[in-house]
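Chemist: Show me the folded form of this:
(chains A, B, C and D)
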Number of protein chains: 2
Amino acid sequence: MNKRQKQKQKTREKIVSCAKELFIQKGFLHTTTSEIAAAAGIAHGTLFLHFPAKESLILEIMDTVLEQIQAALQPVIAHAGNLDEIIRCYLDLIEQHEAIFSTKAREMPFYGDELRRKLLFRDAIIRGHFHTLFQQGIDDGIYRQVDIQTALTFFFGAIHYYLSLKQIFVVDGSVIGKFKDQIISTFNALITIPKTEES
Amino acid sequence: MNKRQKQKQKTREKIVSCAKELFIQKGFLHTTTSEIAAAAGIAHGTLFLHFPAKESLILEIMDTVLEQIQAALQPVIAHAGNLDEIIRCYLDLIEQHEAIFSTKAREMPFYGDELRRKLLFRDAIIRGHFHTLFQQGIDDGIYRQVDIQTALTFFFGAIHYYLSLKQIFVVDGSVIGKFKDQIISTFNALITIPKTEES
DNA sequence: TTACTCGGTGACTGCGTGCTCAGTTAATGG
DNA sequence: CCATTAACTGAGCACGCAGTCACCGAGTAA
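Modeler: Model (predicted):
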C-alpha cells in the first residue's frame, strides 16, 4: 500500500471514529456533516469523497457499535444461571454505554427501514435469552405463570422509557444507574411467587 | 359575536383541525407551517396571527386531547372505581386517539423544553390517579406491596414502547387494540396477590 | 525533471424552514 | 358616507442544512 492509499484509509478511519463519537453524544439526527468534518480535521467536501451521503455513515456505524457492545453480553449470557443475573448484567451494560442506548431509543423510529430492522433484530436476540431464563424460572416454580412476552415488554418498555426521556430524569449522569436497583427489585417482586405476603 | 369575530374563530378552528390531521399523518416535526396554512386554505402569515409559534399549536392540540381523557377518567375516579377499571378506560381512550399519541411518544424527546414539560405535566396528573387507586388496592389487600412508582413505570413504559414503535407491530389499525387485553391481564396478574399459584 | 494522478479543499448552491411586516381588503360604528 | 379598525395576505428574511465542483498541491511513474 503506497503513501496515498495509506493516507486515504487513515482519513476514512478518522471520519468514522469522529462521527461515531458525535452520533453517540448528540444523536445522528442532530449531528451535521460540517461538525463531523471539523472534528475529523478535514474539509467539509472531503467527507463526501469517502461517503456518498450522511445516511451511509450511520448505516456503517450504528449497527457495528451496537454489535460490539452486545457481543460483550454473549459470554455472560452463556453461563448465566438465572433471570436475575442476566438482568443485572444487561442493565450494567446499558449503563456503561448509556449515551448510545439513549440515542438509539430516541431516534430508532426515525431511522431507515434497513437500519431499524437490524437494530431490532439484535434486541430480539437478547430478549430471547431473557425469555428462556424466564421460562426456566417458571418451570422451577420460582416465577409466577404469566404471559412472558407481555411481562418482558413491561421490563423493556420501562428501560426504553427511561432511556428515551433520560433528559427529564437526570441532568448529568446515568438514568439507568439511578433507577437500576428499583427496576430490578420491583420486577423481581412482581414476577416472583411470594412466600407470604404479610410480613 | 359579530361577523369579524365569527370569521376569526372559524379560521382558528380550521387551522387547528387541519394541523391535527397533518400532525397525525406526518408527525409534528415533519409538518411545516406552510403545509398547515395551505391545508387550511389561508395565507402562511395568517397562521401566526392565531398562534405565536408552531409549538403553541401542538400544545393546544395535545392539551385538548389530554383534557378530554382526564375528563373521561374523572367519573371513574369519582365513584371510587378500582385500578382495573381506570386502566381499561385509559387504554380505550388511548386507542381512540392512538395516532396522535403515537406521534407524541415518538417525538416528545425532540420537543422544546417548555412544550415537553407541559405535556409531561398533563401525563403526571393522569398518572397520579393511577397511583391513588393502586395505593387503595394495596391498602385493601388486593394488590401486592410493591414500589408503586416503578410498577407504574412498567405499565406506562410498555404503552410508550408500543406507541413509539407502532409501525413494527401493526401495518394498519391499532397497536393498543391489539395488545390491550394482554397488557391488562398480565399487569393485573403481576400486581394482584395470588390466592394459590398452583391451579 | 516532467507530466499525470488523485485525495483533499472550502466557497458556493439550492433547498427547506419558521417567522415577519408593509400593504390590502372588508367589516364596523359614528 | 367615510374614517377607523382588525383580519388577512404573501413576498421576503435569516438561518441551517446536505451536497457540489473548480481548483490545488503532494505523490507517482516515466
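
Chemist: Now the residue nearest the centre of chain A: closest residue in space, sequence neighbours ignored.
Modeler: Taking Cα atoms, centre = their mean, the centroid of chain A lies closest to A:Phe101, which sits 3.7 Å from it. In this structure, A:Phe101 finds its nearest non-sequential neighbour in A:Ile94, 5.0 Å apart by Cβ to Cβ, 6 or more residues apart in numbering or on different chains. The C-beta positions use only the backbone N, C-alpha and C, and glycine is treated the same way.

Chemist: What about the one you found, how many residues nearby?
Modeler: 23 (other Cβ atoms under 10 Å in any protein chain shown).

Chemist: continuing past the one helix or strand it maps to, what's the next helix or strand?
Modeler: Secondary structure from DSSP states H and E places A:Ile94 in helix A:83-96. Sequence-wise, the next helix or strand downstream of helix A:83-96 (DSSP H and E) is helix A:98-107.

Chemist: In contact with the nearest residue in space to A:Val146 that is not next to it in sequence, which residues?
Modeler: Once flanking residues are discounted, A:Val146 sits nearest to B:Ala189: 5.0 Å by Cβ to Cβ, 6+ apart. B:Ala189 is in contact with A:144, A:146-147, counting by Cβ atoms under 8 Å, 6 or more residues apart in numbering or on different chains.

Chemist: A:Ile100 is in contact with the residue nearest to A:Phe101, correct?
Modeler: No - applying Cβ atoms under 8 Å, one finds A:Ile94 not in contact with A:Ile100, separated by 9.4 Å.

Chemist: gap between A:Leu93 and A:Gly137?
Modeler: From A:Leu93 across to A:Gly137, the span is 21 Å (Cβ to Cβ, to the nearest Å).

Chemist: Can you give the domain ranges for chain A?
Modeler: As given by automatic domain parsing, the domain ranges for chain A are A:1-52, A:54-191.

Chemist: Quick check: which ranges of chain A have low pLDDT?
Modeler: Scanning chain A for pLDDT under 70 picks out A:196-199.

Chemist: Is there proximity between whichever helix in it runs longest and chain B?
Modeler: Identified as the longest helix of chain A according to DSSP state H is helix A:113-139. Yes - using Cβ under 8 Å from any Cβ of the partner chain, helix A:113-139 reaches chain B at A:116, A:120.

Chemist: Next, the angle helix A:98-107 makes with that helix.
Modeler: 110 degrees (axes from the mean of the first three to the mean of the last three Cα atoms, to 10 degrees).

Chemist: Generate a ChimeraX selection restricted to the buried subset of the contacts of B:Ala189.
Modeler: Selection of buried members from the contacts of B:Ala189 for ChimeraX, criterion 16 or more other Cβ atoms under 10 Å in any protein chain shown:
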select /A:144,146
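
Chemist: Tell me the residue of chain A that sits nearest DNA strand C?
Modeler: A:Gly45 (1.6 Å; Cβ to the nearest atom of the strand).

Chemist: Quickly note the distance from that residue to B:Thr46.
Modeler: For A:Gly45, the distance to B:Thr46 - Cβ to Cβ - is 41 Å.

Chemist: all helices of chain A, in order?
Modeler: A:3-26, A:33-40, A:44-50, A:54-71, A:74-78, A:83-96, A:98-107, A:113-139, A:148-164, A:166-169, A:175-191.

Chemist: Please state the offset of the longest one from the chain centre?
Modeler: I take that to be helix A:113-139. Here helix A:113-139 is found 13 Å from its chain centre; the criterion is Cα atoms, centre = their mean, to the nearest Å.

Chemist: The last one now?
Modeler: Helix A:175-191 has its C-alpha centroid displaced from the chain centroid by 18 Å (Cα atoms, centre = their mean).

Chemist: That one: which residues count as buried?
Modeler: For helix A:175-191, by 16+ other Cβ under 10 Å, it's A:175-176, A:179-180, A:183-184, A:186-187, A:189-191.

Chemist: Same check on the second one?
Modeler: When neighbours are counted by 16+ other Cβ under 10 Å, the buried residues of helix A:33-40 are found to be A:33, A:36-37, A:39-40.

Chemist: Other residues contacting it?
Modeler: Against helix A:33-40 from outside (Cβ under 8 Å, 6+ apart): A:11, A:14-15, A:18-19, A:21-22, A:43-44, A:46-48, A:54, A:57.

Chemist: so which of those residues would you say is closest to B:Phe28?
Modeler: A:Lys54 (22.7 Å; Cβ to Cβ).

Chemist: My guess is the residue nearest to the centre of chain A contacts A:Tyr90. True?
Modeler: No - judged on Cβ under 8 Å, A:Phe101 makes no contact with A:Tyr90 at a distance of 10.6 Å.

Chemist: Show me what from chain A comes close to chain B.
Modeler: Checking chain A against chain B by Cβ under 8 Å from any Cβ, the hits are A:29, A:106, A:108-110, A:116, A:120, A:144-147, A:149-151, A:153-162, A:164-165, A:167-168, A:179, A:182-183, A:185-187, A:189-191, A:193-194, A:197.

Chemist: Now, of the residues you listed, which are buried?
Modeler: Looks like those have A:106, A:108-110, A:116, A:144, A:146, A:150-151, A:153-162, A:164-165, A:179, A:183, A:186-187, A:189-191 buried, using 16+ other Cβ under 10 Å.

Chemist: What sits closest to A:Glu21 if chain neighbours are left out?
Modeler: A:Ala39 (7.3 Å).

Chemist: what's the spacing between the one you found and chain B?
Modeler: Here the criterion is Cβ to the nearest Cβ, to the nearest Å. By it, A:Ala39 lies 23 Å from chain B.

Chemist: now A:Asp63
Modeler: Applying Cβ to the nearest Cβ to A:Asp63 and chain B gives a distance of 17 Å.

Chemist: what sits against that residue?
Modeler: A:115, A:118-119.

Chemist: again, but for A:Leu29
Modeler: A:107, A:110, B:110.

Chemist: what's the answer for A:Val16, then?
Modeler: Counting by Cβ under 8 Å, 6+ apart, the residues that A:Val16 touches are A:57, A:60-61.

Chemist: Could I get those residues in a markdown table, plus columns for neighbour count?
Modeler: Listed next are the contacts of A:Val16 as a markdown table, based on neighbours: other Cβ atoms under 10 Å in any protein chain shown:
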| residue | neighbour count |
| --- | --- |
| A:Leu57 | 22 |
| A:Glu60 | 13 |
| A:Ile61 | 21 |
